[in-house]
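Participant: Structure of the sequence below:
(one chain, ligands or ions: 1)
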Amino acid sequence: MASDSSPPGPADVPRVTTQTVQDMKEAGVPIAALTAYDYTSARLYDRAGIDVLLVGDSASNVMAGNETTLPMTLDHMIYHAQCVVRGIDRSLVVVDLPFGTYQGNEKEGLHSAIRMMKEAGAHAVKLEGGAPVVATIQRIVESGVPVMGHLGLTPQSIYEFGTYQVRARDEAEAEQLREDAKRLEDAGCFAIVLEKIPADLAKEVTASLSIPTIGIGAGAATDGQVLVSHDALGLSTDFNPRFVRRYAELEETITDAIGDYVDDVRSRAFPDDSESY
Ligand code: KIV
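Facilitator: Presented below is the predicted three-dimensional model:
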């Protein structure tokens, strides 16, 4: 935990907990979050200092090749979460409850959250939405499972929205979001993801809450940032929204590397004597 003179950060926190991210908000230290879906990647991201690893249901898009997140099942998410949990020493692992596993009623949500904790070893779960899921969030939190909320563009509701455009641009939706953020805080969420909303609104909501906000396409004033790892690493370059910053160009790197391997196999340059028994 942080001393008075050093705010919490990668070097001085052996294990990130929900309390750590709260401390980081209070100390003004931005929280670095990233999605992960498998053991090898989670291990790398954890060692690189990521505070929160989100096993997002974006696995549906980037791992399974689906158009939306809706097809993911609880069993799919448990599998991805198990792989990620095995790869980490330090990060807080938050796992999405997928579409259709918590919207029905509080008992369904509680059952899904408990399976995620028991079978995957998750540290917390994330649910999308505001008022309609507040009672479920409250029930899950009361059972001892930390919950992260998610407001703004909530991809599980894509067929209600119709597009992936910026949310809460009009005052009525902005006001709804302000109220939902308060409701989620009151229900016991330890943090809230704000996705694709105007930066000024995200700033206002962040200042109004005592719990941290984690932004994606929500400007620089949130308490932390999250990106889909495939986007940050340039693995899926056909998806190019303005909120993504690419920190590597792995699509090109991997395509070139595998092309070289194919050439070496074809020309019998691989394997050579030193690679043979
Ligand atoms: O599923 C996901 O990856 C997410 C992030 C985009 C916040 O929910």
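Participant: Outside of stretch 203-212 itself, list whatever touches it.
Facilitator: Residues from elsewhere that reach stretch 203-212 (Cβ atoms under 8 Å, 6 or more residues apart in numbering): 21-22, 24-25, 31, 177-178, 181-182, 185, 189-192, 194, 213, 219, 221-224. In this view, the C-beta of every residue, glycine as well, is placed from N, C-alpha and C.
Participant: Which ones among these lie within helices?
Facilitator: Mapping the contacts of stretch 203-212 onto helices (DSSP state H) picks out 21-22, 24-25, 177-178, 181-182, 185.
Participant: For residue 92, list the residues it contacts.
Facilitator: By Cβ under 8 Å, 6+ apart, the contact set of residue 92 is 16-18, 20-21, 51-53, 123-124.
Participant: Tell me which stretches of the chain form helices.
Facilitator: With DSSP H as the criterion, the chain has helices spanning 18-27, 39-47, 59-62, 74-87, 106-115, 134-142, 158-161, 171-187, 199-208, 229-232, 250-266.
Participant: Quick check: buried residues in stretch 137-154?
Facilitator: Within stretch 137-154, the residues that qualify as buried are 137-141, 145-154, counting by 16 or more other Cβ atoms under 10 Å.
Participant: What's the end-to-end length of that stretch?
Facilitator: 16 Å (Cα to Cα, to the nearest Å).
Participant: repeat for stretch 114-122
Facilitator: Stretch 114-122: ends 10 Å apart by Cα to Cα.
Participant: check contacts around the closest residue to the ligand within the stretch 51-200 of the chain.
Facilitator: Of the residues in the stretch 51-200 of the chain, the one nearest the ligand is residue 56, at a distance of 2.3 Å by Cβ to the nearest ligand atom. Applying Cβ under 8 Å, 6+ apart, we find residue 56 in contact with 35, 37, 96, 126, 228.
Participant: How about residue 174?
Facilitator: Shown in contact with residue 174 (Cβ under 8 Å, 6+ apart): 168, 197-198, 201.
Participant: Same check on residue 232?
Facilitator: Applying Cβ under 8 Å, 6+ apart, the residues near residue 232 are 34, 244-248.
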